[in-house]
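Colleague: sequence unknown, structure follows:
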């Protein structure tokens, strides 16, 4: 579908916002300087460490490369590719120092390969580097799937989201493999194996005498001690970043690309039905929770806990996943649930969105970009008002005194972050893509298009 054409007043805001995005990119031209800013004394995250790792797509050189790759795509004569090249050199140094990470998208090899792929000018550059990294991804993902089938990984009943999710698991690495599957027979075959696993993941299992979805997460596989305490009998993760919407989108995108196996359509429908059945409604409208507890799934206990309206968890990510799945299946009823989700978000006050600052993962930038994609896909005029509502607070967060223009406000005075997930690069990518949302591949790792 063609890009949405916006009214003049919003177009002017887009121009101002894009200028901010380019300014951020200019501040990030020197990879070593960016690294120094983030690893400066006192720039410590809530996890007690500097929010940086050279080789991490989420918080290092690979994600930042996407910013310069997109600027190069939009303005190929302005030399942004030369800056991306310097980042690739810094990334290679990081690989030598840190060693090669796992195969994941946001912390591992898939993110590195994807970053190099985006700046390769349609595969004409960095071919050896990309091939070598891809070889490692295929080797590790293949080994992981074999270990899972043999029972060596994640003994059941249930499974850890880390094996199948977008951030660490097969939904993320699978998205990269899906993108190259038509040109690499090994990747194609591995995508088939991933799809077989994901179809199997949707089969019901028995836990404590109850029949529950196969993506059940037992207490021992919860990510945090707080979640282990909160969910003593386990839960079902609903977030796009870590939950079942990731496999839903990957299976749907594979279907869209003509890759289909037995049970795939039924698995997509099964996940959609489960998510729709677990939609909730309160005085602020329709929403999806972050988790469904084991008790709620088996005994219909009600969980009234609200979630963010963000990419990572909550209505924005889930509704987008449902919209994509419905569109690909040509099932208007499923797609309408996605549209209803966005109408609900923008019917409630901003404070109820529960967003944490300007970032992509759990902040304004992510919700803005998802809303732009919905505007493009639906061509509905009401999205202009939605976009303006979310763009204004994002622009208000811009701080000319901050080294990279934006801070993540996870702590009182904010913290400097550079990466794509919760840093300046992700925000800048959204700001330079307001008129081109969905036209390039930089957003693919988020499994939103």
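Modeller: Arrived safely. Note that this is a predicted model, so its numbers are computed, not measured. Numbers count the residues shown, from 1 in each chain.
Colleague: okay, the residue nearest to residue 432 when sequence neighbours are not counted: pLDDT?
Modeller: Nearest-residue entry for residue 432: residue 21, 3.9 Å, with adjacent residues in sequence omitted and distances by CB to CB, 6 or more residues apart in numbering. (C-beta placed from N, C-alpha, C; glycine too.) Residue 21 is assigned a pLDDT of 99 by the prediction.
Colleague: cool, and residue 190?
Modeller: 99.
Colleague: could you do residue 306 as well?
Modeller: For residue 306, the model assigns a pLDDT of 78.
Colleague: picking that back up, how many other residues sit next to the residue nearest to residue 432?
Modeller: 24 (other CB atoms under 10 Å).
Colleague: please apply the same query to residue 89.
Modeller: Counted with other CB under 10 Å, the burial measure for residue 89 works out to 12 neighbours.
Colleague: tell me which residue of this structure is furthest from the middle?
Modeller: The outermost residue of the chain relative to its centre, with distances by CA atoms, centre = their mean, is residue 209 at 34.6 Å.
Colleague: look up how far residue 369 lies from that residue.
Modeller: Distance of residue 209 to residue 369, computed by CB to CB, to the nearest Å: 43 Å.
Colleague: do residue 72 as well
Modeller: 19 Å.
Colleague: now do the strands in this protein.
Modeller: Ranges of strands within the chain are 205-207, 210-212, 235-237, 280-282, 285-287, 291-293, based on DSSP state E.
Colleague: name the helices or strands packed onto the fifth one?
Modeller: Where contact means 3 or more CB pairs under 8 Å, 6 or more residues apart in numbering; DSSP states H and E, strand 285-287 is packed against strand 280-282, helix 332-345.
Colleague: do the same with the fourth one
Modeller: When contacts are defined as 3+ CB pairs under 8 Å, 6+ apart, strand 280-282 sits against strand 285-287.
Colleague: how about the strand it packs on: buried residues?
Modeller: When neighbours are counted by 16 or more other CB atoms under 10 Å, the buried residues of strand 285-287 are found to be 285-287.
Colleague: show me where this structure dips below the pLDDT cut-off.
Modeller: Of all residues in the chain, those with pLDDT under 70 make up the ranges 1-7, 303-304.
Colleague: now with 90?
Modeller: 1-9, 148-156, 282-284, 300-307, 410-413 (pLDDT under 90).
Colleague: hey, which helix is longest across it?
Modeller: For the chain, the helix that runs over the most residues, judged by DSSP state H, is helix 127-150.
Colleague: rewinding a little: could you identify which of the helices and strands packed on strand 285-287 is most buried?
Modeller: Per-residue neighbour counts averaged over each of the helices and strands packed on strand 285-287 give the maximum for helix 332-345, namely a mean of 19 (mean count of other CB atoms under 10 Å).
Colleague: follow-up on the earlier one: how about the contacts made by the residue nearest to residue 432?
Modeller: For residue 21, the contact set (CB atoms under 8 Å, 6 or more residues apart in numbering) comprises 427-432.
Colleague: so which of those residues are in helices?
Modeller: Cross-referencing the contacts of residue 21 with the helices (criterion: DSSP H) gives 427-431 as the overlap.
Colleague: quick one: buried ones out of these?
Modeller: 427-431.
Colleague: and which of the residues you listed is nearest to residue 178?
Modeller: Comparing those against residue 178 with CB to CB picks out residue 429 as the nearest, at 21.0 Å.
Colleague: could you find the closest non-adjacent residue to residue 119?
Modeller: In space, residue 119 comes closest to residue 69 once its chain neighbours are excluded; the distance is 3.9 Å by CB to CB, 6+ apart.
Colleague: whoops, I mixed them up, residue 71
Modeller: Closest residue in space to residue 71, ignoring its immediate chain neighbours: residue 80 at 4.0 Å, by CB to CB, 6+ apart.
Colleague: ok, the one you found - how many residues close by?
Modeller: Summarising burial for residue 80: neighbours were counted as other CB under 10 Å, giving 22.
Colleague: pretty sure it is touching residue 66, no?
Modeller: No. Residue 80 is beyond contact range of residue 66, at 11.3 Å (criterion: CB atoms under 8 Å).
Colleague: before we move on, back to that, nearest to residue 120 among the helices and strands packed on strand 285-287 would be which one?
Modeller: Residue 120 lies closest to helix 332-345 among those, at 32.5 Å (CB to CB).
Colleague: now for that closest one, which elements pack on it?
Modeller: Packing partners of helix 332-345 (3+ CB pairs under 8 Å, 6+ apart): helix 264-277, strand 285-287, helix 315-329, helix 364-378, helix 382-396.
Colleague: hmm, try it at 7 Å
Modeller: The criterion is 3 or more CB pairs under 7 Å, 6 or more residues apart in numbering; DSSP states H and E, and the helices and strands that helix 332-345 contacts are strand 285-287, helix 315-329, helix 364-378.
Colleague: what's the closest of the ones you listed to residue 14?
Modeller: Each of the helices and strands packed on helix 332-345 has some distance to residue 14 by CB to CB; the shortest is helix 364-378, at 10.0 Å.
Colleague: what lies in contact with the closest one?
Modeller: Here helix 364-378 makes contact (CB atoms under 7 Å, 6 or more residues apart in numbering) with 1, 3-4, 309-311, 316, 320, 323, 339, 342, 355, 358-360, 383, 386-387, 390-391, 393-394, 397, 426-427, 430, 434, 437-438, 443, 448-449.
Colleague: so how far is it off the chain centroid?
Modeller: Here helix 364-378 is found 13 Å from its chain centre; the criterion is CA atoms, centre = their mean, to the nearest Å.
Colleague: repeat that for stretch 47-65.
Modeller: Computed by CA atoms, centre = their mean, the chain-centroid distance of stretch 47-65 equals 15 Å.
Colleague: and if you look at stretch 17-26?
Modeller: For stretch 17-26, the distance to the chain centre is 22 Å (CA atoms, centre = their mean).
Colleague: got the buried residues for that stretch?
Modeller: The neighbour-count criterion (16+ other CB under 10 Å) identifies 17-18, 20-25 as the buried residues of stretch 17-26.
Colleague: among these, which are located in helices?
Modeller: Filtering the buried residues of stretch 17-26 for membership in helices, criterion DSSP H, returns 17-18, 20-25.
Colleague: tabulate these in a markdown table, adding columns for distance to residue 421.
Modeller: Below are these laid out as a markdown table (distance: CB to CB, whole Å):
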| residue | distance to residue 421 |
| --- | --- |
| 17 | 20 |
| 18 | 21 |
| 20 | 19 |
| 21 | 17 |
| 22 | 21 |
| 23 | 21 |
| 24 | 15 |
| 25 | 17 |
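Colleague: between these, which sits nearest residue 203?
Modeller: Among those, and counting by CB to CB, the member closest to residue 203 is residue 21, at 44.3 Å.
Colleague: okay, helices next: where are they in the stretch 151-300 of the chain?
Modeller: Counting by DSSP state H, counting those that start in this stretch, the stretch 151-300 of the chain has helices at residues 161-164, 170-180, 185-201, 225-230, 245-256, 264-277, 294-299.
Colleague: count of neighbours near residue 227?
Modeller: Every residue meeting other CB under 10 Å relative to residue 227 is counted, giving 17.
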